[in-house]
Structure formats: C-alpha cells, structure tokens
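Student: Just the structure for this:
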Amino acid sequence: MIKMMYKFTKSIRCSPEKNKSDLQCGSILMTKLEARFGIKLHADTAEEKVNGHISVSHGTPHIFWVWIYSHNGIHESMRGTEIIEQRSDRVIKFNGTFPTQSEVENV
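Tutor: This next block holds a predicted model:
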C-alpha cells in the first residue's frame with residue numbers, strides 16, 4: 001500500500017504573526033518538497049490543481065503532516081486520529097515515486 005500521509009515533528013519556533021497560517025510556517029518545507037519530488041503542494045490560482053498539501057500544528061515542537069494524494073478527486077486530512085476523505089475537483093493523483101518517511105523528514 002502506498003503511504004499518503006507523513007507525520008513528523010521539528011523543534012522550530014515561529015513568531016505569533018506566523019501562527020495565523022500553516023503556509024507561512026511550512027513554506028520552506030513545501031518549497032523543498034515540491035522541488036525535490038515534483039509534488040504540487042500549493043495552488044497559486046483558483047484553477048490550479050494540487051497533488052498534496054501540508055498541515056502544521058504550531059506547538060513545541062511543531063507537528064507537520066504532509067499529504068500526497070494517490071487518487072484523483074479525493075482530498076485527505078486528519079481530524080483527531082481519523083483520516084477524513086472529501087471530494088475535490090482540485091485534487092489530482094501524484095504519479096511520481098512516493099518518497100519514504102525518512103526522505104520527507106530529511107528535506
């Protein structure tokens with residue numbers, strides 16, 4: 001089975017104004033993952049489609065979730081310990097080689 005969700009922690013700090021957006025705290029990670037693995041994690045326009053996303057919990061340490069989609073039209077996220085699947089026309093399947101857990105953590 002292909003792993004679609006990667007969860008890991010990093011001991012980093014972010015200023016209070018950055019806590020308003022997961023994108024600001026995870027933008028460096030997102031940019032590196034997109035470049036290294038060819039994954040589209042952020043849409044720049046309303047028409048663009050993505051094949052993954054990043055979520056961040058801003059505690060100490062920060063918890064990061066990186067999702068890479070293995071199906072078209074299915075957005076996945078976490079609510080507590082449950083994986084939530086929702087239909088989305090902005091989600092496209094990632095057709096590249098899925099990275100390992102350690103590859104994602106070491107980016």
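Student: can we go C-alpha only for contacts and neighbour counts from here?
Tutor: Fine.
Student: So what touches the longest helix seen in the chain?
Tutor: In the chain, taking DSSP state H as the definition, the longest helix is helix 22-37. Residues external to helix 22-37 that are found in contact with it (Cα atoms under 8 Å, 6 or more residues apart in numbering): 14, 18-19, 39-42, 54-57, 96-97, 99, 104, 107.
Student: Put the buried members of these into a ChimeraX selection.
Tutor: Remark: buried members of these, expressed as a ChimeraX selection using 16 or more other Cα atoms under 10 Å:
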select :19,39,40,41,42,54,55,56,99,104
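Student: Out of the contacts of helix 22-37, list just those in helices.
Tutor: Val104.
Student: In strands, which of the contacts of helix 22-37 fall?
Tutor: 54-57 (DSSP state E).
Student: From those residues, pick the one nearest Ser70.
Tutor: Nearest to Ser70, judged by Cα to Cα, of the ones in strands among the contacts of helix 22-37 is Ile54 at 15.1 Å.
Student: Surely that closest one touches Lys40?
Tutor: No: using Cα atoms under 8 Å, Ile54 makes no contact with Lys40, being 10.7 Å away.
Student: Which per-residue confidence value corresponds to the residue sitting nearest the centre point of the chain?
Tutor: Closest residue to the average C-alpha location of the chain: Ile54 at 2.3 Å, with Cα atoms, centre = their mean. Note on Ile54: pLDDT of 90.
Student: Name all residues that make contact with the residue lying closest to it once chain neighbours are set aside.
Tutor: Spatial nearest neighbour of Ile54, chain neighbours left out: Val66 (4.6 Å); criterion: Cα to Cα, 6 or more residues apart in numbering. By Cα under 8 Å, 6+ apart, the contact list for Val66 reads 5-7, 52-55.
Student: Export the residues you listed to CSV and append columns for distance to Glu85.
Tutor: Shown next, in CSV, are these (distance: Cα to Cα, whole Å):
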residue, distance to Glu85
Met5, 12
Tyr6, 16
Lys7, 17
Gly52, 13
His53, 14
Ile54, 15
Ser55, 15
